[in-house]
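**Student:** I would like to see how this sequence folds:
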Amino acid sequence: MTEASRPAPTARDRRRWAQYLADERAEARVYRELAAGRRGEEREILLALAEAEGRHERHWLELLGGEPTAQARASTRTRLLAWMAKRMGRFGTIFVLALAQNAEARSPYDDDPFATPAMRADEKVHHEVVRTLAARGRRRLSGTFRAAVFGANDGLVSNLALVLGIGATGVAPQFVLFSGVAGLLAGALSMGAGEYVSVRSQRELLSATEPGHYADAALPDLDLDANEVALVYRARGMSEEEAVARARRVVAAAQAADRSVPYRRPGGVPDVDGHEVVGGALSAATSSFLFFASGALIPVLPWIFGLAGTVAIVVALALVGIALLATGAMVGILSGAPPLRRGLRQLAIGYGAAAVTYALGLLFGVSVG
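**Tutor:** This is a model prediction of the structure:
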């Protein structure tokens with residue numbers, strides 16, 4: 001829409017522009033806060049995003065004819081993001097970028113006749129930039145975070161199912177409590193040990209598949225025109241022509257004692273660090289143990305505080321339901337998916353498992369009686 005074809009602005013339009021202005025300033029502050037805790041390329045990218053928000057800010061200032069007399073307040077979401085970016089460290093950065101990704105995907109400028117086409121395009125590009133930055137953080141976090149989320153969720157669901165199933169048989173509250181604590185310890189130890197073995201095995205498998213240095217020392221002694229180095233690069237997926245050219249450069253550099261051409265990274269593209277994605281075995285095992293234990297503790301709390309019977313079951317269901325919604329929503333936010341949908345999915349799975357074991361407990365309770 002051209003400037004001449006825009007409708008005449010109303011008082012409502014001016015209030016909306018003032019809100020846009022406040023939000024753009026707050027979003028620029030979010031990116032500057034994130035940049036303050038980063039270095040190198042990521043810092044430059046975040047500062048460039050802040051500058052782009054500044055361009056949008058100047059657009060609304062121009063339409064308003066200067067600072068509005070009634071200053072609007074930035075949205076609660078944006079102010080919360082700025083607070084998290086400043087105070088929550090590295091995990092806060094990943095969380096903020098994930099939330100910012102969702103926010104950039106819902107630009108109000110698409111349907112606003114007073115926003116320029118360039119601004120609408122900017123918002124779509126911003127979404128992709130933030131999504132890519134968030135993906136970097138997710139890769140760094142994925143190993144330990146996966147263990148933590150799975151541990152907490154497994155603790156919640158398995159111990160809720162255990163105490164409800166046993167409680168439904170009509171046994172004494174002390175026996176339900178003992179079973180819940182035993183389930184907590186057994187499950188946490190099992191999860192921690194299993195996670196350690198799993199991650200350690202993954203890292204060993206990755207190490208076995210990475211390019212090695214075995215032939216590096218022999219490179220200077222190879223015949224420049226008759227050698228099999230090109231086969232190494234062809235085995236890694238390069239075309240024959242590219243592999244031959246690359247092999248000649250590598251061998252020539254080795255003979256000239258110029259190690260600036262890396263042998264292990266064909267085409268100058270860095271290898272993907274799979275170890276970073278998998279995470280550390282010990283940290284994953286520790287996270288899995290602690291989060292399983294903390295999740296498994298929640299269903300047992302009613303019996304710890306002396307409740308029994310139906311009251312204890314209802315309280316356990318309520319507490320676990322809140323925790324399942326929270327863990328599901330957190331996974332949704334960090335993965336860029338709708339948090340409510342992920343939370344409800346976790347809730348349905350947890351309650352479904354608990355319902356099955358509770359029904360079995362009722363069945364055995366009746367048959368025993």
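**Student:** C-alpha only now, for contacts and for neighbours.
**Tutor:** Noted.
**Student:** got the domain boundaries for the chain?
**Tutor:** The record's domain parsing of the chain by automatic domain parsing lists 11-139, 141-207+276-368, 212-270.
**Student:** which one of the ones you listed is the most hemmed in?
**Tutor:** domain 141-207+276-368 (a mean of 20; mean count of other C-alpha atoms under 10 Å).
**Student:** pLDDT of it, averaged?
**Tutor:** Here domain 141-207+276-368 scores 84 as its mean pLDDT.
**Student:** now do stretch 80-87
**Tutor:** Stretch 80-87 carries an average pLDDT of 80.
**Student:** what do you get for stretch 21-33?
**Tutor:** pLDDT averaged over stretch 21-33 gives 91.
**Student:** send the alpha carbons of that stretch over as PDB?
**Tutor:** Only the C-alpha atoms of stretch 21-33 are listed here, as PDB (Å, rounded to 0.1, in the frame of the first residue of the first chain):
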ATOM      1  CA  LEU A  21       7.100   2.300  19.400                       C
ATOM      2  CA  ALA A  22       7.300   1.100  23.000                       C
ATOM      3  CA  ASP A  23       7.400  -2.500  21.800                       C
ATOM      4  CA  GLU A  24      10.200  -1.800  19.300                       C
ATOM      5  CA  ARG A  25      12.300  -0.100  21.900                       C
ATOM      6  CA  ALA A  26      11.800  -2.900  24.300                       C
ATOM      7  CA  GLU A  27      12.700  -5.600  21.700                       C
ATOM      8  CA  ALA A  28      15.800  -3.600  20.800                       C
ATOM      9  CA  ARG A  29      16.700  -3.600  24.500                       C
ATOM     10  CA  VAL A  30      16.200  -7.400  24.600                       C
ATOM     11  CA  TYR A  31      18.700  -7.900  21.800                       C
ATOM     12  CA  ARG A  32      21.200  -5.500  23.400                       C
ATOM     13  CA  GLU A  33      20.900  -7.400  26.700                       C
END
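**Student:** residue boundaries of the helices in the stretch 51-200 of the chain?
**Tutor:** For the stretch 51-200 of the chain, the helices defined by DSSP state H, counting those that start in this stretch occupy 76-87, 89-104, 117-167, 173-209.
**Student:** Touching the first one from outside, list them.
**Tutor:** Right, helix 76-87. Contacts of helix 76-87 with the rest of the structure, by C-alpha atoms under 8 Å, 6 or more residues apart in numbering, involve Asp23, Ala26, Glu27, Arg29, Val30, Glu33, Leu34, Gly92, Thr93, Val96, Leu99, Ala100.
**Student:** Would you mind pointing out the helix or strand the third one falls in?
**Tutor:** Spelled out, it's Glu27. helix 11-36 (DSSP states H and E).
**Student:** got the angle for that helix vs helix 89-104?
**Tutor:** Angle, helix 11-36 to helix 89-104, by axes from the mean of the first three to the mean of the last three C-alpha atoms, to 10 degrees: 150 degrees.
**Student:** Make JSON lines from the contacts of helix 76-87 and add distance to Arg236 to it.
**Tutor:** What follows is the contacts of helix 76-87, written out as JSON lines (distance: C-alpha to C-alpha, whole Å):
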{"residue": "Asp23", "distance to Arg236": "48"}
{"residue": "Ala26", "distance to Arg236": "47"}
{"residue": "Glu27", "distance to Arg236": "43"}
{"residue": "Arg29", "distance to Arg236": "44"}
{"residue": "Val30", "distance to Arg236": "42"}
{"residue": "Glu33", "distance to Arg236": "41"}
{"residue": "Leu34", "distance to Arg236": "38"}
{"residue": "Gly92", "distance to Arg236": "38"}
{"residue": "Thr93", "distance to Arg236": "35"}
{"residue": "Val96", "distance to Arg236": "37"}
{"residue": "Leu99", "distance to Arg236": "38"}
{"residue": "Ala100", "distance to Arg236": "37"}
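**Student:** Which of the residues you listed sits closest to Gly328?
**Tutor:** Comparing the contacts of helix 76-87 against Gly328 with C-alpha to C-alpha places Leu99 closest, at 14.7 Å.
**Student:** For that closest one, which non-adjacent residue is spatially closest?
**Tutor:** Among residues not flanking Leu99 along the chain, Ile333 sits closest, at 6.3 Å (C-alpha to C-alpha, 6 or more residues apart in numbering).
**Student:** contacting residues for the one you found?
**Tutor:** Ile333 makes contacts with Phe95, Ala98, Leu99, Pro339, as judged by C-alpha under 8 Å, 6+ apart.
**Student:** Equivalent analysis for Ala98, please.
**Tutor:** Contacts of Ala98 were listed using C-alpha under 8 Å, 6+ apart, and they are Val130, Arg131, Ala134, Ile333, Leu334, Ser335, Gly336.
**Student:** cool, Ala52 as well?
**Tutor:** By C-alpha under 8 Å, 6+ apart, Ala52 lies in contact with Asp122.
**Student:** The helices of the stretch 51-200 of the chain into TSV, with extra columns for distance to Gln346?
**Tutor:** Output for the helices of the stretch 51-200 of the chain, formatted as TSV (distance: least, C-alpha to C-alpha, whole Å):
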stretch	distance to Gln346
helix 76-87	24
helix 89-104	20
helix 117-167	8
helix 173-209	19
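**Student:** out of the ones you listed, which comes closest to Asp110?
**Tutor:** For the helices of the stretch 51-200 of the chain, proximity to Asp110 was assessed by C-alpha to C-alpha; helix 117-167 is nearest, at 6.0 Å.
**Student:** and Pro9, what element?
**Tutor:** Going by DSSP H and E, Pro9 is not in any helix or strand.
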